[in-house]
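Novice: I would like the atomic coordinates for the input below:
(chains A, B and C)
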Amino acid sequence: MTDIASASPSATGLHTSDAARRRLKARYASEFRFKLYGIAAVFTAAMFLVLLLSTIVGQALPAFLSHQVTIPVDLSQEVLDPNNEGESVLRRANYDAVVRDGIRSLYPFAESRDDQRTVSSLISSGSAVRVREAVLNDPETLMGQTSFTVPLDDVADLYFKDLISDEQRVVPTGIASPTGTQGTIQVLSTANDFRDLLADVKDFLAEQADGVERELAAKERSLERAGLDLDSYRTRLPDAPEGRSDFFESQIGILERGIVSLGRDIENLTEELADLRTRSNAAGADEVLSRQLPSILVEINGGVVKASRISATGIEGEVIIPLESTADAAGGEWSIREIVLPERNRQLDDRSLVYLDQLAGQDRVERTFNTVFFSSGASREAELAGIWGAVVGSFFTMVVTLALAFPLGVAAAIYLEEFAPKNRLTQIIEVNINNLAAVPSIVFGLLGLAVFLNVFGMPRSAPIVGGMVLALMTLPTIIIASRAALRAVPPSIREGALGVGASKLQTVLHHVLPLAMPGILTGTIIGMAQALGETAPLLMIGMVAFIVDVPSTPLDPSTVMPVQIFMWADFPEVLFRQKTSAAILVLLAFLITMNALAVILRKRFERRW
Amino acid sequence: MFWLLLLALAALFVGSLYIGAKRSRQVAGASTSVLHSRPSYHGGYLAIMSTLPALGVLILWSIAQGPIMDSLVVGQFSDQVAALSLPAQEAFLRDARAIAFGGIVGFTDELKEAAAEVYANLRTISLIAMVVVMAALAFFGFRAGYRNIEPQRRTRHFVERAVMILLIACSVVAIFTTIGIVLSLIFESIRFFTMIPIHNFLFGLHWSPQSAFAGAGEVVDANPEVFGAIPLIVGTLFITFIAMIVAGPIGLFAAIYLSDYASKSVRAIAKPVLEILAGVPTVVYGFFAALTVAPFIRESGQGVGLDVSSESALAAGLVMGIMIIPFVSSLSDDVITAVPQSLRDGSLALGSTKSETIRRVVLPAALPGIVSAMILAISRAIGETMIVVMAAGLAANLTINPLEAVTTVTVQIVTLLVGDQEFDSAKTLAAFALGLMLFCVTLTLNFIALRVVQKYREQYD
Amino acid sequence: MSTTQTVQESDTAPVAQVATPQNDVAPGGTTITDAPPENVKMKGENVDVFYGDKQALFGINLDVGERQVTSLIGPSGCGKSTFLRCLNRMNDTIDIARMEGKITIGQQDIYDPSIDVVELRARVGMVFQKPNPFPKSIFENIAYGPRIHGLADNKTDLEEIVVGSLQKAGLFEEVKDRLDAPGTGLSGGQQQRLCIARAIATSPEVMLMDEPCSALDPIATAKVEELIDELRENFTIVIVTHSMQQAARVSQRTAFFHLGILVEVGATDQIFTNPRDSRTRDYITGRFG
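Specialist: As a prediction, the model looks like this:
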C-alpha cells in the first residue's frame, strides 16, 4: 500500500498546494468582481427606472390640482340681453367685459392701465368663454347671478402651489414709520431690521458677478474659435474647389459679423462685471433693488410697499396696495418679505404676486381636483389644456388598429402555421414578417404619408389613417405571437379532430384556435400597448396638428396621447411641463392596465401540455 | 358613402348566411343528413356568391374613380390647364376637389369653381353607376347561389376554398406592406434624385435644406450643396454608438446575472423592472432626456468648466441607451439560456468558477447570438425617433464631440415632414430619400442578425 | 448523524483489512460482500439526497477504493447518477437538490463549509453521459482546465499537457494533425474521449463517469472501455453504467442501487456470479430493470 502511494504519479496535492490555493483566491476575487458587474448592471437599470418614474410623478402631481377664484360678476339682464331677445343675443354678449369688470372691481386702487392689465391677467384668458357657456347652458339660473368661479391663470396657479419662488419673512423689532400712503414712500425702522437683507443682496450681487465672469470667459473662447475659423476659410478661399467659393465667402461673411457682435458683447459684459464687483464689495452701503435682485416687500398698515432702495434701517419704494394711514407700526405689527428669485427670472411679477395674496386673503381662491385636465381638449392656455381630446383620439385609433390588425394577423398566422406548404413563397413571407417587425416605426409613417394620404387621398390627422398605419406596424407582432400560440397546441388535438372526420379548416377553427386564443390575445394586447405608445409614424400623417375639439368619429382630425405629450413637452410654460408629466402618467396607467391584463390572461389560461 | 355601401354589403352578407342555411334545410326536407355540407356552409356559400363580386366592384371603383375623375377634368379644361406646371396643376385640382367635396380651400377663382362643378357632376354619375352595378351583381349572385343550393352541392369545399384564399390574402398583406414601403420610398426618392444628384446627397458635408428655397410652392432650382447627408449619418451613428456603450455592457451583464446568478426572488423583481423599462413609450424617454438628463449634463459640464450644448449628443445617446437596455438584455438572456446546461456542467466539473464558465465557455458559445442581439439593438437605435427628436439638436454639425448638438436621420425626416408640405419640393422629398436610406440600413442589419441567430439556433436544436 | 453506523472504518483501522469475504448487512440495508478496499479514496456515509420534497437517496454508505474502478449499476431512476454527482458536488448546480450525510475525500468532508467546491471539482473530475466538448478547438478544449487552474507556466508546458492528455486518452494519433479543428466536429466516440482527455488534463485524483458510453456505438464503446482500464493505473474511477457487461468488463468493485437504496456492494466477480441479495440477483438475471 505504501509503495503504491509513493509511486503515485497522480496529482495528489496538485490542487491543494499553497500555490493552487493562492491562485484560487485570485480566481475568486475575479469571480466576485464579475458577479458585482452583473449586480451593478441590474441595479443601474432599476435605478434608471426609479429616476424616470420619480421625476415624472414628481412633476405630474401638482397638475392634478388646480386653483380657481370666485369673482363678482354682473350677469344681469340689462348687461347681457337688455331687450330680452333670447339666445342669439346672449351668445354675442360681451362676456369679456363682464369678467374683466368683475376682477377689476376687486382692486379699486389699480388705476393705471398697466395695473389694470396686471389685474386682468390674474385669471385665465378662457374665463369669458366659460361664463358664456355656462350662461347659454342655463340662462335661467345664471342670469342675475353675482359671482362666478373661474380658473386662475397658469402662473397664478403655480404661485399658489408654491412653485414660483422661495420666500422668507423677517419679523422686525423696530418701530416703522411710513412717509405716505400712496406713490413712492419711505419706510424707516428704528432698528437695523433690514441689515441682514442688505447683506443677502450683496451676496447675490457677488454671485451674479461670478456668473457674468463665466459668461465672459465663454464669449472670449468663442471669439478665439471664430477667429481661427475665419483665418482657415480665408486661406482656403483662393484654392476653393469649383462652385464652393460662394459658400466659403458666405461663411466668411457670417463669421465676420459674428466676431463684431461678440466683441460688443464682451465689452458690455466687462463693464457690467466691474459695476457688480464694486457694488458687492461695498458692504453696508445702500443698494438699488433692480429686477435682477431679490424683491423686498414691506407689509404695513394694511398696505404693501415694494422696495426699490434698501439701507440697513429702511427702504424707499413704491406702494402696491395703499396703506390705511401713516401711523407708526410697532415691532410685531408690520413685516418684511423677501422673494428670493429675482423678478426678472420669474413669470410672476411682484405686483401680481401681491394682488394674488390679496385674493387669497379674501378667501376667494380655492384648490380643487383638476377636472379640466380630464375633460377638455388641447388649448394654448396651460390652465385650460386637457388630455381628454387625446384620450378619445387614442381610443378611436386603437379601435381601428385592433379591427384591422387582429383579424388580419390571426388569419395570416393560421395560414402560415397550419396550412402553408413549406415552399419558397411562404419562406419569403416568414422572413418578410420577421424583418417587418424590426423596421423603424417612422418608416411606417412614411408609408402612410405616401400611400394613404397622397395616393388614396385620405384625410390628414384622422384616427382612421393613424389606426391603419399602426395596424400595419402591429401586424408582425400579432402574427408572430399568434403563430407561437398555435404551435403550442399539441398535434394530438389536431389528430383527434381529424380522426372524427372534421376537415382541416374545421379542426383549426373549432379546436386549435380556441385553445390558442389566450396566447393570441396576450400577444395582441402587447402589440396594442406598443401601438398606443407609438408617436413617430403619427407625426408623419399629421396627427401633430393643434386640435381643440374632442373628436367624435374616427374621421375627425384629432391627436393621440403620445403625440399630445410630444407637443406639450415643447411648450415653455411650467404648467405645461407638469401637464406633460400628468399626461404621461395617464398614458402609463393605460399601458400598465393593458400589460397587467396580458399577464393575467397568460397566468389564467396558461396550459402545460 | 363608401362606408354606407360597405355596411349594406355586410347586412346582405349576414342575411344571405341565414337565408342560405334555411334554404338548404328546406331542400333537404325531413333530414338534414342528406346534405353533403352542413346548412351553415350553404349559408356561407350564398353569402359569398351575393356579396363578393359587389365588394370587389366597390373597392376597385373607389380606388379608380379619383384618378379617372382627375384626368377627365384635366381633359375638359385642357386649354387652361396646359399652361400650368405639374405642381400648379395638382394644386388646381386639389382646390377644385376641396370646393366640390368640402375641405380646406387655398383660394378660389372662376376656373376652379367650374372645375369643381364638373367634379361634383362626375361624382354623382360615378356614384349612381357604381350603386347600379353593385346592385345588379348582388342580385344575380344571390339568385344564382340560391338556385344552386341542393343537397349534393359541395358548398363546404367552396366555402373552405374561399376561406383559404382569404387566409392567404391576409398573410400576403405583410408582403404588400413591404412592397408598399419600398415602392413609396423609391418612387419619391427617385424624384428627389432627379433634383439633387445622388453623390451630393451621399457624400455632401453640408445639410441645411431649410435654407434651400426662397418661397414656398415655387419651383426653384434647389441648391444641391445643402443636401449632404454625411453630417446626419455621422450624427446618427455617433448617438447610436453612445447608446450602445451604455446599453451593451449593462444589458449583457444584466442578462448574465439574471440567467446564471440571480436567485428566484431577485429575478422576480428584476425581470418586471426590465419589462417596464421596455414598455415605456419612447416619447416618455424623450421627455425625460429633454427635461432631466440634458440639463443635468449641461449643468455638471458647466460645473467643471465645459461648454455643453443644451441638446448634447451625450444626453440623447445616454437616454437611448437606457431605452435599449431591456432590448439587449432580453435578447441576450434568450441566447445565453439557449446554451446547453451540459456545457456549463462540463466546465464546472473541471473545477472552473461560475464566472470562468460564463466567460470562457458560455459567452463564446453564445457569441453569434449575442452579436446578433447587438446588431438588432443597433438597428433599433438607428431607427429610434422620438428621443432624438426631443433631445438631440436640429443643426447638422459634423462633429464627434459628445457635448455638442448633432442631428440624426430620423430627426431630419420628422423636421422636414411635420408642418406644411409641398410634395414637389426637394426639401420634402429629401425626407423620403433619408427614409429609404434608413430602411435599407436597418433592413440589412435585421437580415444579418436574423440569419446569424437562425444559424445559432440550429446549432443547439 | 452517528459515524458508528458505518461498518467499515478501514482508513483508521488498517488491521481490519481481512481478505476474507464478509457478509455484513450495514444499517442502511446494504449487503457488503467483500473486504473494504485497501485504500479508501472517497467515502460516503449515510448520504440522503432530496430533490425538493422527494427523497432520491436513502442512507448510502459506500467506499471508493483508490486506483480502482468502482461501477454503480441499477435500473434507471435508482439514484446511481445522483450519488455520482454528489461526489463532486455537481448537484449544487440544481437549485432544489439538498444533501444530508457525509462524503469524504481523504479525510476531508467535501460538504464542509471550509471546502472549496472549485478545488474539489479540480480534484474530482467528471465525464458526462453525452459528450459535451466546448465549441472551441480540440487544443483549447483540453487546455481549458490547465489554463484556469494555472497548471502550465508557459506555452510549452501547456502543449505538453495537451499532448500528454490526448495520448493518455488514446486520441492523439487520430487528431494530431488537426488540433485547431473544432472539437464539436469529431465523431461521438472521439468527442467522448476528448472529454476524458479534457478531464485528464486537469490531473484530478478521482474521475467520475456518468454512463460515458451510452451515446456511443459498440466500437467507440470498446475503445472507451479500454481507455478506462488503462486509466485505472493512475486514477480512481467511479463509473455509472447501464450495461452490466460493461461493469463486469471494466470494474473491480460494483455497487447495485435500487430505488434510492444501495442494495449490495462487492467485488465485481462476486456480484455478477453470486449475488447475495435477491433484488441484485433478479436484476442481474434480467427479471427487471
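Novice: now the strands: where do they sit in the stretch 301-450 of chain A?
Specialist: A:303-310, A:314-321, A:335-339, A:365-369 (DSSP state E, counting those that start in this stretch).
Novice: now those in a markdown table, with distance to chain B, mean neighbour count and mean pLDDT?
Specialist: In short, each C-beta sits where N, CA and C put it, glycine included. Below are the strands of the stretch 301-450 of chain A laid out as a markdown table (distance: least, CB to the nearest CB, whole Å; neighbours: other CB atoms under 10 Å in any protein chain shown; pLDDT from 0 to 100):
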| stretch | distance to chain B | mean neighbour count | mean pLDDT |
| --- | --- | --- | --- |
| strand A:303-310 | 31 | 22 | 86 |
| strand A:314-321 | 34 | 21 | 86 |
| strand A:335-339 | 24 | 20 | 86 |
| strand A:365-369 | 24 | 13 | 86 |
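Novice: want to try a markdown table for those strands, with distance to residue A:591 as columns?
Specialist: Converted to a markdown table, these look like this (distance: least, CB to CB, whole Å):
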| stretch | distance to residue A:591 |
| --- | --- |
| strand A:303-310 | 49 |
| strand A:314-321 | 49 |
| strand A:335-339 | 41 |
| strand A:365-369 | 23 |
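Novice: I'd like to know which of the ones you listed is closest to residue A:154.
Specialist: strand A:365-369 (14.4 Å; CB to CB).
Novice: What is the neighbour count of the residue of chain C found nearest chain B?
Specialist: Closest contact between chain C and chain B, by CB to the nearest CB, is at residue C:122 (3.1 Å). Residues near residue C:122, counting by other CB atoms under 10 Å in any protein chain shown, number 28.
Novice: Assign the closest residue to chain A within the stretch 151-289 of chain C to helix, strand or coil.
Specialist: Nearest to chain A in the stretch 151-289 of chain C, going by CB to the nearest CB, is residue C:203, at a distance of 3.5 Å. With DSSP: H, G, I helix; E, B strand; the rest coil as the basis, residue C:203 sits in coil.
Novice: my guess is it contacts residue A:14, does it?
Specialist: Yes. Under the criterion of CB atoms under 8 Å, residue C:203 makes contact with residue A:14 at 5.2 Å.
Novice: Next to chain A, which bits of the stretch 351-461 of chain B? Give me the list.
Specialist: B:351, B:353-356, B:358-359, B:376, B:379-380, B:382-386, B:389-390, B:410, B:413-414, B:417-418, B:423, B:431-432, B:435, B:438-439, B:442-443, B:446-447, B:450 (CB under 8 Å from any CB of the partner chain).
Novice: Also near chain C: which of the residues you listed, exactly?
Specialist: Among these, chain C is touched by B:351, B:353, B:356 when using CB under 8 Å from any CB.
Novice: Which single one of these is nearest to chain A?
Specialist: residue B:353 (4.4 Å).
Novice: gap between the nearest residue to the closest one once chain neighbours are set aside and residue A:37?
Specialist: Distance criterion CB to CB, 6 or more residues apart in numbering or on different chains; nearest residue to residue B:353, sequence neighbours excluded, is residue A:31 at 4.4 Å. Per CB to CB, to the nearest Å, residue A:31 is found 11 Å from residue A:37.
Novice: follow-up on the earlier one: now the residue nearest to residue B:353, what's its secondary structure?
Specialist: On the basis of three-state DSSP, residue A:31 is classed as helix.
Novice: Now the element after the lowest-mean-pLDDT helix or strand in chain C, going C-ward?
Specialist: When each helix and strand of chain C is scored by mean pLDDT, DSSP states H and E, strand C:24-25 comes last, with a mean of 50. Later in the chain than strand C:24-25, the nearest helix or strand by DSSP states H and E is strand C:31-32.
Novice: can I assume residue C:262 sits in a strand?
Specialist: Yes. Secondary structure assignment (three-state DSSP) places residue C:262 inside a strand.
Novice: No more questions from me, cheers.
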